[in-house]
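*Asks:* Need a 3D model of the sequence below.
(chains A and B)
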Amino acid sequence: MRRDVFQAIADPTRRAILALIALQAMTPNAIAEHFDSSRQAVSKHIQILAECELLKQEQQGREIYYHLNIKKMKEIDKWLEQFRNIWESKFDNLDKVLANIKSKRHDK
Amino acid sequence: MTNNKMEMVKDLPNKKITVTRYFDANVADVWDAWTQSELLDLWWAPKPWKAETKEMDFRNGGYWLYAMVGPDGTKQYAKISYSAIEPQKSYRATDAFCDENGNPTNTMPSMNWHNSFHADGDDKTKVVIEIHFANEADFESIIAMGFEEGFTMALGNLDEYLASRA
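*Replies:* Next up is the predicted model:
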């Protein structure tokens, strides 16, 4: 079953994990050291993030390192910016349309 | 022309984005501008695009079929279906990209809207747009991630991370 990304990042521990590995790639053990919860619990969180492609893993010798999936992050950034710009542009248009309606009524 | 600023609030657990914006006009005018195709054509498309209505039937179960026309003449059709219309108060809508006959194309996820209109005096109207994402398609996930509070921190760290990887 596909993981629900909404739920994946609604969890504060998982958000904290993302913020951590945004700074540097980390092994599961290194990540777990930052949290009070058990290693198994943290590892479950990591697994969920990886299933949502928010994390990428890389084998270095005997260790697995987790990276932030930058491509996914950049997509988010771009989309957000576009969303805001599009709506601001539309609303500016609408301001003009409304002002026009008003001034036409006034002329009558 | 106005100082009305758009506000965006993210509600991740409910998969919802709420956009609020005031307009310097009475609620009847604002309602018309959102629900009559001649007026929608004038503002719905963000510049430099233009909206061009093909069909409009604003009633419960009806829809607006329109094209977004690019500066080079390319057309992207979209269809907005309406329900729960309460004149000058609110309506619900679902949008989807489609072909010129209104058959949905599945390239993008559809969104559910609830738009409400609130008079604030005789010459000011507040419009509240609730955008609800029903599915878990990739694109929607992207939206949700970016909109989630606290995630900004991770985004802020991105430059640092990229620099360290260079």
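
*Asks:* From here on, just use CA atoms for contacts and neighbour counts.
*Replies:* Fine.

*Asks:* who's in contact with residue A:68?
*Replies:* Taking CA atoms under 8 Å, 6 or more residues apart in numbering or on different chains as the criterion, residue A:68 is in contact with A:18, A:21-22, A:25, A:54-56.

*Asks:* Residues in a beta bridge with it, which ones?
*Replies:* residue A:55 (DSSP bridges).

*Asks:* returning to that earlier point: from the contacts of residue A:68, which would you call buried?
*Replies:* For these, a burial check counting by 16 or more other CA atoms under 10 Å in any protein chain shown picks out A:18, A:21-22, A:25, A:54-56.

*Asks:* Tell me where the longest helix sits in chain A.
*Replies:* In chain A, with assignment by DSSP state H, the single longest helix is helix A:70-107.

*Asks:* For it, name the packing helices and strands.
*Replies:* Under the contact criterion of 3 or more CA pairs under 8 Å, 6 or more residues apart in numbering or on different chains; DSSP states H and E, helix A:70-107 touches helix B:27-35, helix B:37-43, helix B:138-147.

*Asks:* For residue B:130, pull up the helix or strand it's in.
*Replies:* In this assignment (DSSP states H and E), residue B:130 forms part of strand B:125-132.

*Asks:* Worst mean pLDDT across the helices and strands of the chain, which element?
*Replies:* With no chain named, the answer covers chain A. Scoring the helices and strands of chain A by mean pLDDT, DSSP states H and E places helix A:5-10 at the bottom, with a mean of 62.

*Asks:* You answered for a different chain; I wanted chain B.
*Replies:* Per mean pLDDT, DSSP H and E, helix B:151-156 ranks last in chain B, at a mean of 38.

*Asks:* burial measure for the closest residue to residue B:18 other than its chain neighbours, as a count.
*Replies:* Of all residues not flanking residue B:18 in the chain, residue B:130 sits nearest, at 4.4 Å (CA to CA, 6 or more residues apart in numbering or on different chains). If you count neighbours by other CA atoms under 10 Å in any protein chain shown, residue B:130 ends up with 21.

*Asks:* Hmm, residue B:115 and residue B:130 touching each other?
*Replies:* Yes: here residue B:130 reaches residue B:115: they are 6.4 Å apart, a contact under CA atoms under 8 Å.

*Asks:* Low-confidence regions, the chain specifically.
*Replies:* Defaulting to chain A. For chain A, the stretches flagged by pLDDT under 70 are A:1-10, A:72-82, A:108.

*Asks:* you looked at the wrong chain, it should be chain B
*Replies:* The model of chain B has pLDDT under 70 over residues B:1-3, B:10-15, B:106-110, B:133-166.

*Asks:* Longest strand of it, counting residues only.
*Replies:* If you go by DSSP state E, chain B has its longest strand at strand B:75-86.

*Asks:* same for that strand, what does it pack against?
*Replies:* Packed against strand B:75-86 by the contact rule (3+ CA pairs under 8 Å, 6+ apart) you find strand B:63-69, strand B:90-98.
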